[in-house]
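3D, please:
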Amino acid sequence: MIEKFKTIKYDNCEEIVEKKSRFIANLIYVENEEHAQNEIKEIKKKHYDAKHNCYAYRIIEGDNILRRSSDDGEPSGTAGAPMLNILEKNDIANVLVVVTRYFGGILLGTGGLVKAYSEATLKSIDNNELVEKELGYEIQISSSYADMKKIEYFLKTNNITILKKEFLDKVNILVELSIEDYKKITQEFPKNVIRNLEINIEKKRFISKKVRE
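The predicted model follows:
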């Protein structure tokens, strides 16, 4: 089972020039393969006049990681595979990298192509911010209005993200938290809250890893 991985915080675009050829790297966060393929189509449409639009992506699918790459007309193994290898080595997933090449008239050779596509990919990663994701829970906490401030203080001091609050006959607070924090909540909440408290797991999913001060 996949319990943690890294992904990017935002999409970005970087460019390098190698012997007059332009290599434009787009690094894009994607949720699934359909999302990735749609982004590839959009980039190909945008750079319709480019010589090549090579890509690689790694996507979490259940307990597996989907891996795809394409050299898009470049010599086999000189573009997509090196780009995918960089994602693999850095344990980056749910990310698509598309490197568009505008040919500058000078042949780079297989070694030069591997170097250029790798450098463009690495530059896009280096100029982004990586976020650690870990398997956790989305849970709903239901309590009386009298205990709401006490609960919010506990969540804040433990760096647990509140996603949503509903004010009905009870206060329903939807939060995301790590499995470790879930254990902590179930053990420590009874000591902090006197009245009736309900904690229900809504679903299991990957959440951003919290950095504690």
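
got the phi/psi numbers for Asp91?
phi 50, psi 40 (degrees, to the nearest 10).

Am I right that it is in contact with Ile2?
No: taking C-beta atoms under 8 Å as the definition, Asp91 is not a contact partner of Ile2, at 10.3 Å. Yep, even glycine has a C-beta here, placed from its N, CA and C like the rest.

Could you work out the end-to-end span of stretch 159-175 for me?
Using C-alpha to C-alpha, to the nearest Å, one end of stretch 159-175 lies 11 Å from the other.

can you pull the contacts of the nearest residue to Phe103 once chain neighbours are set aside?
Of all residues not flanking Phe103 in the chain, Lys51 sits nearest, at 4.2 Å (C-beta to C-beta, 6 or more residues apart in numbering). Listed by C-beta atoms under 8 Å, 6 or more residues apart in numbering, the contact partners of Lys51 are Gly73, Arg101, Tyr102, Phe103.

Export these as CSV, with columns for pLDDT, neighbour count and distance to Lys149.
Converted to CSV, the contacts of Lys51 look like this (pLDDT from 0 to 100; neighbours: other C-beta atoms under 10 Å; distance: C-beta to C-beta, whole Å):
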residue, pLDDT, neighbour count, distance to Lys149
Gly73, 95, 11, 62
Arg101, 98, 25, 57
Tyr102, 97, 16, 59
Phe103, 95, 13, 63
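
farthest-separated two in the residues you listed?
Gly73 and Tyr102 (13.3 Å; C-beta to C-beta).

Helix, strand, or coil at Cys13?
Classification of Cys13 by DSSP: H, G, I helix; E, B strand; the rest coil places it in strand.

in this protein, which spans are strands?
4-8, 12-18, 21-29, 52-61, 64-70, 95-102, 130-143, 161-167, 171-178, 197-208 (DSSP state E).
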